[in-house]
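Participant: I need the structure of the sequence given here:
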Amino acid sequence: MKTKHIIIASLILVGFLSSCDKLEEPFVKDNAFIWNGRKSIIFDITGQKCGNCPRAHETINSLVDKYGEVVIPIAIHATWYAKPATSDTALPYHYDFRTDIGDYLGGRDFSTGFYGELYLPTGMVNSYAPEKLSTHDKWTLALSEFLENYPEFLIKIEGSHSENDSTISCDVEVTTNIINSRQLGLTVYVLEDHILQWQTDYTLDNQDIENYEHNHVLRAGMNGPFGEEIKTNTNQTNVGDVLEKSYSISTKADWVIENCLIVAFVHDLDTKEILQGEVFHFSE
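Facilitator: Predicted structure coming up:
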């Protein structure tokens, strides 16, 4: 009888280990949460001369460290905090992080943009609605509201870079994962990591940091500030339905392609909620 119990227990253990090998989403990560595949976009409106902005960067880093690919940050340099102090490359704060998209959203110099007068750092989680702007200490709680949600859509990005004509191109597929009747927009940005430039930090005795690592930096929009409409009716989309788009953009001389990434996100045209995001890394 004892031998029989040992055999049964061994079979149960083998079965358990086999099932673990085949574990699929949803899954528990670090015993902290159940992730069902929805990825979250965090807009971080920032500036190199904003001395409080490194605290927002730390918040994002902690969220990325904890949740990994669940979090997709986008650092948008805007307002007068992003204005270079000089054009002399031998002097501090000569680098220009500004973009047309950042100017439109956050404003350039002392002019205001789409979001009006801003006090940095500020940003949004899974939305581009002005009323969702919040300080970085609210982002963790805002993110938690989406962690266990099933994604209504899945996104696939295939990116490429041509050295011949200095062009980045991508094909984006948006696949319905849950039946819905939403009207949809799709936004595609190019970002860059590992940019070493100046940054102000008010918490330091020497507030000017020379080789601060700027990550998730918005470089360009491939289809405008809020993308384009890809579904403008309330007809039902069924599981497996696919919407496809292709884009290309010219690169700039100071971009390091190996550090660049393409971010795409699909959003509800009515509520401005971002429903799903995805990333393509040129380094992978």
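Participant: Now do stretch 217-236: distance from first to last residue.
Facilitator: 36 Å (CA to CA, to the nearest Å).
Participant: Show me which parts of it are buried, residue by residue.
Facilitator: Going by neighbour count (16 or more other CB atoms under 10 Å), the buried part of stretch 217-236 is 217-223, 225-227, 230-231. Bear in mind the C-beta positions are built from the backbone N, C-alpha and C, glycine included.
Participant: Which residue would you name as the spatial centre of this protein?
Facilitator: Closest to where the C-alpha atoms of the chain average out (CA atoms, centre = their mean) is residue 72, at 2.7 Å.
Participant: Please name the residues that touch the nearest residue to that one once chain neighbours are set aside.
Facilitator: Leaving aside its sequence neighbours, residue 72 sits nearest to residue 277 (CB to CB, 6 or more residues apart in numbering; 4.6 Å). Contact partners of residue 277, counting by CB atoms under 8 Å, 6 or more residues apart in numbering, are 39-41, 72, 155, 263-266.
Participant: Quickly list what residue 277 is bridged to.
Facilitator: residue 265 (DSSP bridges).
Participant: where do the strands sit along the stretch 1-150 of the chain?
Facilitator: Along the stretch 1-150 of the chain, counting by DSSP state E, counting those that start in this stretch, strands occupy 27-29, 33-35, 40-46, 71-77, 122-125.
Participant: which of the ones you listed is buried the deepest?
Facilitator: The highest average neighbour count among the strands of the stretch 1-150 of the chain, using mean count of other CB atoms under 10 Å, belongs to strand 40-46 at a mean of 27.
Participant: Neighbours of the nearest residue in space to residue 81 that is not next to it in sequence, how many?
Facilitator: By the measure of CB to CB, 6+ apart, the closest residue to residue 81 outside its immediate chain neighbours is residue 47, 2.6 Å from it. Counted with other CB atoms under 10 Å, residues neighbouring residue 47 total 26.
Participant: My read is that residue 47 contacts residue 84, right?
Facilitator: No. Contact criterion CB atoms under 8 Å: residue 47 and residue 84 do not qualify, at 10.7 Å.
Participant: Where does the prediction get shaky in the stretch 151-284 of the chain?
Facilitator: Filtered on pLDDT under 70, the stretch 151-284 of the chain yields no residues whatsoever.
Participant: you'd agree residue 279 is up against residue 261?
Facilitator: Yes. Counting by CB under 8 Å, residue 261 is a contact partner of residue 279 at 5.5 Å.
Participant: Identify the contacts common to those two.
Facilitator: Contacts common to residue 279 and residue 261, judged by CB under 8 Å, 6+ apart, are absent.
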